[in-house]
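*Asks:* can you look at this prediction? I've put the sequence above it.
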Amino acid sequence: MDDSAGISPGIADLKVDMSGAGQTAETGVDPAPEHCVSLGKFLAGRLVEVGVTHAFAVPGDFNLTLLDELVSKKELKMCWTCNELNAGYAADGFCRRKGVGACVVTYGVGGLSVINACAGCYSEDLPVIFVSGGPNSNEFAANHTIHHTIGLPDLGEQYRAFKEFTCAAVVVQHLSEAHHQIDWAISEALRRQKPAYIEICTNLAGLTDPSFSDPPIPFAIALGHTNKRSLSAALKSVQKVLDGSIKPVLLAGPRLRPHGRRQAFLKLAEALQCGVATTADGKALFPEDHDQYIGYYWGSISSNCTCETVEAADVVISVGCVWTDYSTLGYSLLLKPEKSITIGTDRVTVKGGETFGCIDMETFLLALADTVAPHPASVVNYKRMLVPSAPIKTEPEKEERLTTQAMLQQIQRVLTPDTCMLAETGDSWFNTMKLKLPRGADYVIQMRYGSIGWSVGATLGYSLAAKADGKRLVSFIGDGSFQVTVQDVSTPPLFWPRRWAPPTGGVSFLSVCPGD
């Protein structure tokens with residue numbers, strides 16, 4: 001079975017145009033476009049084209065007309081959340097499964113409420129499109145003070161705030177510029193894997209223009225580019241290091257999440273035949289039942305014998321890793337630059353010195369896999385040191401207390417390839433790291449941003465995205481975090497009322513089962 005079975009590749013993996021995005025499922029033929037549609041309907045068509053099937057929203061007086069237009073697009077399902085922050089978290093969760101997400105809020109009180117979720121998306125490399133209704137376009141020159149603002153006639157404060165946490169931010173004040181602004185913001189988000197912000201003046205959302213059609217004229221987004229000379233030089237440099245190594249180790253990080261990168265990494269690992277570890281936030285990005293898997297690397301709290309194997313390697317090839325105080329236990333890891341090969345999303349650094357830019361990660365991994373020789377020593381050493389774990393009890397003892405360990409043992413027993421696991425910031429991280437995921441299962445964590453309460457909204461969004469794949473989501477949420485965003489436990493029953501199991505008795509375990 002494919003290690004990422006059921007994972008939708010998402011927009012992050014598209015390298016060609018999306019000219020088939022508007023085709024009907026029945027005929028595979030593009031429907032006749034409706035010309036001169038409204039601005040809001042054009043935006044809805046663009047969102048659907050790039051993969052957004054559900055948008056998370058909270059109505060407000062500045063976005064009501066816009067929401068009317070979005071609702072009219074039958075391929076785009078609107079999901080109404082209890083507050084803007086949870087809408088942003090839900091879009092975050094949806095994006096982690098589908099590769100793109102969208103959130104719609106009102107101006108001022110709505111936009112400033114959701115900005116924390118937007119910052120999390122930027123930190124976690126998630127192309128979520130944050131859409132806000134805005135003041136009437138005539139207000140910008142009128143020097144009026146309006147409601148839902150900070151009490152000043154300056155109407156650009158929300159735009160400026162979002163600029164700090166997005167890769168592209170636009171305010172649509174003129175219909176003639178809207179087509180270009182929307183396409184630029186969305187394409188930048190997909191290309192750079194960061195959130196974007198689109199503010200649409202309330203009086204423009206329902207207006208039509210000859211440049212708007214539904215479905216929109218498809219556009220092409222080139223997401224990966226590699227300079228052939230840089231690629232050749234990087235391959236030679238890395239190959240020279242590997243030729244002189246005895247026991248290299250591969251280390252998988254969170255920026256391997258897009259499906260194509262994961263497959264390329266798997267190909268490289270099987271060509272090298274060396275030990276493969278994941279970082280804590282890279283869990284499940286390499287199959288945990290693979291013969292080369294040596295556990296997760298998290299410094300002194302790594303899985304058994306993983307830290308010793310990684311730090312004793314003569315070369316550590318880290319791919320897609322992001323080093324923060326969380327992922328390094330306060331920068332306590334003993335990884336030396338002179339023993340490292342770092343493969344990022346667009347560059348390769350060898351031994352902390354030579355750096356080769358303009359190299360797409362997936363392209364480099366595939367090219368390297370075709371040139372390397374087997375180096376199995378690190379796997380052999382790991383297996384010599386490893387003491388097998390005690391078998392998991394299949395049934396609890398009579399009168400046994402419900403401890404964290406007992407709960408984890410029972411959860412481990414029911415995990416399947418169709419399981420998706422989501423872990424909230426805090427104790428849930430450490431507990432879920434101990435679970436062994438079957439091949440095909442997914443794992444979701446917000447380690448870089450670590451916003452408590454993120455998990456409730458993310459559970460909603462991820463579940464909706466995974467529903468079509470028949471996946472079962474299990475979310476681990478601490479009771480304190482759960483209280484922060486508990487309101488949106490009321491939202492999932494609107495979508496699958498018979499399959500939602502809310503937490504009871506004050507426990508910190510939440511199970512969502514959206515599949516049939």
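*Replies:* Good, I have the coordinates.
*Asks:* now the longest helix belonging to the chain: buried residues?
*Replies:* The helix that spans the most residues within the chain, counting by DSSP state H, is helix 175-192. Buried residues in helix 175-192, counting neighbours by 16 or more other CB atoms under 10 Å, are found at 175, 178-179, 181-183, 185-192. Yep, even glycine has a C-beta here, placed from its N, CA and C like the rest.
*Asks:* which other helices and strands does it contact?
*Replies:* Here helix 175-192 touches helix 39-50, strand 128-134, strand 168-172, strand 196-201, going by 3 or more CB pairs under 8 Å, 6 or more residues apart in numbering; DSSP states H and E.
*Asks:* convert that helix to CSV, retaining C-alpha atoms only.
*Replies:* C-alpha atoms of helix 175-192 as CSV (Å, rounded to 0.1, in the frame of the first residue of the first chain):
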residue,chain,number,x,y,z
LEU,A,175,-13.7,46.4,-10.6
SER,A,176,-11.3,46.9,-13.4
GLU,A,177,-8.4,45.8,-11.1
ALA,A,178,-10.2,42.9,-9.3
HIS,A,179,-9.4,40.1,-11.8
HIS,A,180,-5.7,40.8,-11.6
GLN,A,181,-5.6,41.3,-7.8
ILE,A,182,-7.5,38.1,-7.0
ASP,A,183,-5.5,36.0,-9.4
TRP,A,184,-2.2,37.4,-8.1
ALA,A,185,-3.1,36.9,-4.5
ILE,A,186,-4.2,33.3,-5.0
SER,A,187,-1.3,32.3,-7.2
GLU,A,188,1.2,33.8,-4.8
ALA,A,189,-0.3,31.8,-1.9
LEU,A,190,-0.1,28.6,-3.9
ARG,A,191,3.4,29.3,-5.3
ARG,A,192,4.9,30.3,-2.0
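*Asks:* and that helix, how far out from the chain's middle?
*Replies:* Centroid separation between helix 175-192 and its chain, computed with CA atoms, centre = their mean, to the nearest Å, is 21 Å.
*Asks:* just the angle between that helix and strand 168-172, please?
*Replies:* Here helix 175-192 runs at an angle of 160 degrees relative to strand 168-172 (axes from the mean of the first three to the mean of the last three CA atoms, to 10 degrees).
*Asks:* go ahead and confirm Ile456 touches Phe482.
*Replies:* Careful, residue 456 is Val and not Ile. Yes. Between Val456 and Phe482 there is a contact under CB atoms under 8 Å: 6.6 Å.
*Asks:* for those two, indicate the residue with more neighbours.
*Replies:* Val456 (28 against 22; other CB atoms under 10 Å).
*Asks:* need the contact list for that one.
*Replies:* Val456 is in contact with 86, 89, 475, 477, 481-482, 484-486, 488-489, 510, counting by CB atoms under 8 Å, 6 or more residues apart in numbering.
*Asks:* most surrounded residue in these?
*Replies:* Busiest of the contacts of Val456 [other CB under 10 Å] is Tyr89, holding 32 neighbours.
*Asks:* what's the helix or strand hosting it packed up against?
*Replies:* For Tyr89, the enclosing helix or strand under DSSP states H and E is helix 84-98. Packing partners of helix 84-98 (3+ CB pairs under 8 Å, 6+ apart): strand 54-57, strand 101-105, helix 111-123, strand 128-134, strand 442-445, helix 454-467.
*Asks:* ok, His488 to Arg255 distance?
*Replies:* Heads up, residue 488 is Asp, not His. To Arg255, Asp488 is 29 Å away according to CB to CB, to the nearest Å.
*Asks:* got it, and Val372?
*Replies:* Using CB to CB, one obtains 21 Å as the distance from Val372 to Arg255.
*Asks:* ok so, going back, the helices and strands packed on helix 84-98 into a markdown table, with extra columns for mean pLDDT and distance to Thr419?
*Replies:* Formatted as a markdown table, the helices and strands packed on helix 84-98 follow (pLDDT from 0 to 100; distance: least, CB to CB, whole Å):
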| stretch | mean pLDDT | distance to Thr419 |
| --- | --- | --- |
| strand 54-57 | 97 | 21 |
| strand 101-105 | 98 | 22 |
| helix 111-123 | 97 | 24 |
| strand 128-134 | 97 | 24 |
| strand 442-445 | 94 | 8 |
| helix 454-467 | 92 | 10 |
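*Asks:* turn these into TSV, columns for distance to Tyr382.
*Replies:* Listed next are the helices and strands packed on helix 84-98 as TSV, based on distance: least, CB to CB, whole Å:
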stretch	distance to Tyr382
strand 54-57	42
strand 101-105	38
helix 111-123	32
strand 128-134	39
strand 442-445	21
helix 454-467	33
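*Asks:* taking those together, which one is wrapped up most tightly?
*Replies:* Greatest average neighbour count among the helices and strands packed on helix 84-98 goes to strand 101-105 (a mean of 31), per mean count of other CB atoms under 10 Å.
*Asks:* packing partners for it?
*Replies:* Counting contacts by 3+ CB pairs under 8 Å, 6+ apart, strand 101-105 packs against strand 54-57, helix 64-71, helix 84-98, helix 111-123, strand 128-134.
*Asks:* contacting residues around it?
*Replies:* For strand 101-105, using CB under 8 Å, 6+ apart, the contacting residues are 47, 52, 55-58, 60, 63, 66-67, 70, 78, 84, 87-88, 90-95, 111, 113-114, 117, 126-133, 461.
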